[in-house]
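> Task: produce atomic coordinates for the following.
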Amino acid sequence: MASAVFGCGCINDITPVAPSSGEMNHTAPLPVAVTIPPYREFAEAVGGDRVTVMVMVPPGASPHTYEPTPGQLKALSETPLYLAVGTGIEFEDAWMKRLTSVNPGMQVVDTSAGITLVSTDAGGIPITDGSIRYDPHVWLSPVNVRIIARNIADAYITESPDDAAYFEARYAAYDAYLARLDEEITEVFADAGEKTVLVYHPAWGYYADRYGLSMTSVEADGKEPSPATLKTIITAAEEKGIPVIFASPESPTRNAQAIADEIGGSVVYISPLAENYTENLMQVTGAFRTWAV
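Predicted structure coming up:
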């Protein structure tokens, strides 16, 4: 899987075209807030030294349960731009009204605008019914992140138009980087045929759809399975010879280990929330390629 483009995994190696002399005397960096750790990479890749990024849900915490601290709320009161995931992620649903109340002038940008969302209960079929709950984990497909990065660049340019050329150059470099990442992962699965992975939390639907994996999830729409459903999942996994169940380190569960014991396998932890997005995605790709059956 390794290639030169992923040799160091450092987004800081993306070097934009140097701004003209008239753009060198820019003002202080633009304070920006994001919800989850992967979005720090996206925000910094496009923003470079023209932004400072605060992550609301810190590494290791779960966006399902995390509550912002008083210090974060104070910092947010002086932050002009919030780059929201915008897909129904639980932290934003629960806290966005409070977050905006401490800073009514803060611009909240839906970075998922333009992404085709997939329902959590429609078998991977894109639908548009407003009453349907969508899979919020759009960032786990690099194709979607290319759209997210474009939305971030547009938000920066709106806030700081004098730095437009700088942001555009960095966006173009990061977009090319993401395109190569997508190509690399596509090549990994090119000759794999149809493969199935068993996951506890259904975070990887967009990834699975992009790269031709069949994903069996224990949880459904954030809920634990019924005993009958769990038995069906375990039986199917045993029949197919699935050797591992993938779980998230941010939300460890004893049930994952119990399922692993039932199928005579083990638990492999992969994070949908790792801050080092591109490096993490390649590691996850290696794990899926190794254990998918």
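> Enumerate the positions of stretch 59-76 that are buried.
If you call a residue buried by 16 or more other CB atoms under 10 Å, then stretch 59-76 has these buried ones: 61, 63, 66, 68, 72-73, 75-76. Every C-beta, even on glycine, is put in place using the N, C-alpha and C of the backbone.
> Under the pLDDT cut-off, which ranges of the stretch 101-250 of the chain? List them.
For the stretch 101-250 of the chain, the stretches with pLDDT under 70 are 121-132.
> need the helices for it, in chain order.
Secondary structure of the stretch 101-250 of the chain (DSSP state H, counting those that start in this stretch): helices located at 142-159, 164-188, 205-211, 227-240.
> and stretch 66-77, C-alpha only, in PDB?
The C-alpha trace of stretch 66-77 is given here as PDB (Å, rounded to 0.1, in the frame of the first residue of the first chain):
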ATOM      1  CA  TYR A  66     -18.900  15.000  25.000                       C
ATOM      2  CA  GLU A  67     -20.000  18.300  26.600                       C
ATOM      3  CA  PRO A  68     -18.000  21.500  25.900                       C
ATOM      4  CA  THR A  69     -16.000  23.000  28.700                       C
ATOM      5  CA  PRO A  70     -16.400  26.600  30.000                       C
ATOM      6  CA  GLY A  71     -13.000  27.300  28.600                       C
ATOM      7  CA  GLN A  72     -14.100  26.200  25.200                       C
ATOM      8  CA  LEU A  73     -17.200  28.300  25.300                       C
ATOM      9  CA  LYS A  74     -15.100  31.300  26.300                       C
ATOM     10  CA  ALA A  75     -12.800  30.700  23.400                       C
ATOM     11  CA  LEU A  76     -15.700  30.200  21.100                       C
ATOM     12  CA  SER A  77     -17.100  33.600  22.000                       C
END
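> What is the burial count for Ala208?
If you count neighbours by other CB atoms under 10 Å, Ala208 ends up with 24.
> Next, work out how far apart it and Asp135 are.
Separation of Ala208 from Asp135 (CB to CB, to the nearest Å) stands at 10 Å.
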